[in-house]
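[1] Build me a model:
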Amino acid sequence: MTTTTRDVLAAARLLADDLLFPEAMRVDGLDVLPVAHLDALAAEGLYGASVPAQCGGLGLDLRATCAVAEELASGCLTTTFVWLQHRGLSMTLAAEGTPAALRDQWLGPVCRGQLRGGIALTGIIPGPPLLRARPSGPRWQLDGEAPWVTGWGLIDLLLVQARGPGDSIVSLILDAAAQPGLTVTRQRLSAVNASVTVRLGFDGVLVPRERFVGEAPFDPAESLRPDRMRINGSLALGLVSRCARLLGPGSLDDDMAACRERLDEAITADATAMAEARAAALELAVRATAALAVWDGSRSVTVDHHPQRLAREAVFLLVFGSRPGIKSALLRRFGASTG
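    Numbers count the residues shown, from 1 in each chain. The predicted structure is shown next:
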């Protein structure tokens, strides 16, 4: 088991170079990510990356966790995408306010990757609620939808955040499995399709009170917190890193370092600064994948070569985990701003 930040990053790079990148083209054509890839991450303790060491995790801070995500994404974005969803569950279970019974039951196996999690955070999205939770006797009832839930069939538990009574946010944990009232519809994606991303429909899904995590006032700004928005920027930098290594030393290395520094500085700034930093990283990913395609020549558009895969993944990241501020910043950068 890795014990220091340097060890963890070295293990992540080794996984990316020796397992994930050599398999990335094969995974790109699959319907389901091989479980062995997730097992390899679990074997290095990466499912507990952000959980404090005293709780059974690796105790990485946010910047170190972002660095791990960047390394893994340089190998296989699909694997990293599925793994990253687990962080929401692990951090929730490790939080001080989480009921001790849930923490005692699940935190250890979750940190070891023996139980794997996904997220349905529909309730925290500003605007009219897509997913509601209300008390129903001794249980909670879920109605509505979660349009984007990743890792279905690869995860065991689902952290759900839905809009509750009095415009609150209710957090629940339910089994990621078929159950009464739940419909599952596969989303077919142009990239990372093997992540098995689905739309979940909730029609009176009942959750036992023992699975209740907590309730808090709804704050539209919560989803725009810079620390919450930072880690997805590492996915874009992972693509840039792989392109830069395939191209050889050049200006991309300096641009990548500048984007990373900007993202890290924005953690302690505000939502606008983070949106601009995220947009800069995403634009760089598009530019880097385009440069790799040009450098690789006509074969780059064939389905068995990496440039076209990386380019599709860069486009995917333009809209994954986006926010209005990021979208506006990107449109300005692309010369398509309507404002």
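[2] what's the average pLDDT for the one helix or strand Arg332 maps to?
    For Arg332, the element it lies in under DSSP states H and E is helix 324-333. Averaging pLDDT along helix 324-333 gives 95.
[3] buried stuff in that helix?
    Gly325, Ile326, Ser328, Ala329, Leu330, Arg333 (16 or more other CB atoms under 10 Å). All C-beta spots, glycine's among them, are computed from the backbone N, C-alpha and C.
[4] Contacts only, for the last one.
    Yep, that's Arg333 we're talking about. Ala279, Ala280, Glu283 (CB atoms under 8 Å, 6 or more residues apart in numbering).
[5] Pro208 versus the residue of the chain most remote from its centre, what's the distance?
    Taking CA atoms, centre = their mean as the measure, the residue most remote from the mean C-alpha position of the chain is Gly137, 34.1 Å away. Using CB to CB, to the nearest Å, Gly137 is found at 11 Å from Pro208.
[6] try Ile173
    10 Å.
[7] repeat for Ala69
    Distance, Ala69 to Pro208, using CB to CB: 33 Å.
[8] And these two? Which one has more around it.
    When Ala69 and Pro208 are compared for neighbours, Ala69 comes out ahead with 26 against 12, by other CB atoms under 10 Å.
[9] So that one is in contact with Ala236, correct?
    No. Taking contacts as CB atoms under 8 Å, Ala69 lies outside contact range of Ala236: 10.4 Å.
[10] Show me the shaky parts of this protein.
    1-3, 338-339 (pLDDT under 70).
[11] if you set the cut-off to 80 instead, what comes out?
    Scanning the chain for pLDDT under 80 picks out the ranges 1-3, 337-339.
[12] which stretches of it form helices?
    Assigned by DSSP state H, the chain shows helices spanning 5-15, 21-28, 35-43, 62-75, 77-94, 100-111, 226-229, 232-247, 251-266, 271-296, 306-319, 324-333.
[13] Put the alpha carbons of the shortest one into CSV.
    What it means is helix 226-229. Only the C-alpha atoms of helix 226-229 are listed here, as CSV (Å, rounded to 0.1, in the frame of the first residue of the first chain):
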residue,chain,number,x,y,z
PRO,A,226,-14.3,26.6,-6.4
ASP,A,227,-13.0,23.5,-4.5
ARG,A,228,-15.9,21.4,-5.8
MET,A,229,-15.2,22.6,-9.4
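[14] which secondary structure elements does it contact?
    Counting by 3 or more CB pairs under 8 Å, 6 or more residues apart in numbering; DSSP states H and E, the packing neighbours recorded for helix 226-229 are helix 271-296.
[15] Okay, buried residues for the helix it packs on please.
    So helix 271-296, judged by 16+ other CB under 10 Å, has buried residues 271, 273-286, 288-293, 296.
[16] Now the most centrally placed residue in the chain: closest residue in space, sequence neighbours ignored.
    Nearest to the mean C-alpha position of the chain, by CA atoms, centre = their mean, lies Leu84 at 3.9 Å. Nearest in space to Leu84, with sequence neighbours left out and distances taken as CB to CB, 6 or more residues apart in numbering, is Ala69 at 6.3 Å.
[17] can you check Pro52 too?
    Nearest to Pro52 is Gly59, by CB to CB, 6+ apart, at 5.2 Å.
[18] What's the local residue count around that neighbour?
    Neighbourhood size, Gly59 [other CB under 10 Å]: 18.
[19] what about Gly45, distance to Leu62?
    The separation that Gly45 has from Leu62, given CB to CB, amounts to 17 Å.
[20] Can you name the residues in contact with stretch 60-71?
    So stretch 60-71 is contacted by 5, 8-9, 12-13, 15-16, 46, 49-50, 80, 84, 87, 227, 230-231, 233-235, 237-238, 241, 260, 263-264, 267 (CB under 8 Å, 6+ apart).
[21] for it, the distance to its chain's centre please.
    Taking CA atoms, centre = their mean, to the nearest Å, the mean C-alpha location of stretch 60-71 is offset from the chain mean by 12 Å.
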